[in-house]
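Undergrad: how would this look folded up:
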Amino acid sequence: MQEELKRENSKTKIRILGIDAVGFESSISIMTKGRTLPLLQDTPTENVWDDWGATWRDVVMLNPDNIHVDTYNLTSHDLANPDNYRELKARLKRAAGEP
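TA: Numbers count the residues shown, from 1 in each chain. The predicted model follows:
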């Protein structure tokens, strides 16, 4: 989806990345194998997952001011369903203030 967003708008500010929860560091190599999206490791100091109230497979969307504005869970909304894919893409654009 990241590449698709860039193709549609070369100036898009949308950046998709993963954040691994504290305590799951040992699985980073499994999560990143064959993937190109950046993966950040949460820490007890930053505590991003808890601050955002994130659960497994949440897509947390931030606005241009880095304020949490939306969450979309991929377990509940499988992206293999074209409607879910379109909905997530539209939400990302809305969060970024893009048409």
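Undergrad: mind listing what Leu40 touches?
TA: Taking Cβ atoms under 8 Å, 6 or more residues apart in numbering, we find Leu40 in contact with 17-20. For the C-beta atoms, the positions are set from N, CA and C on the backbone; glycine is no exception.
Undergrad: who wins for most neighbours among the residues you listed?
TA: Highest neighbour count within the contacts of Leu40, by other Cβ atoms under 10 Å: Asp20, with 18 neighbours.
Undergrad: Backbone dihedrals for that residue, both of them.
TA: phi -80, psi 130 (degrees, to the nearest 10).
Undergrad: Which of the three states applies to the residue nearest the centre of the chain?
TA: For the chain, the residue nearest the mean C-alpha position is Val59 (4.1 Å; Cα atoms, centre = their mean). For Val59, the assignment made with DSSP: H, G, I helix; E, B strand; the rest coil gives strand.
Undergrad: In this structure, what residue spans correspond to strands?
TA: Along the chain, the segments classed as strands by DSSP state E run 18-20, 39-41, 58-62, 68-73.
Undergrad: and those strands, which is most packed in?
TA: Highest mean neighbour count of the strands of the chain: strand 58-62, a mean of 18 (counted as mean count of other Cβ atoms under 10 Å).
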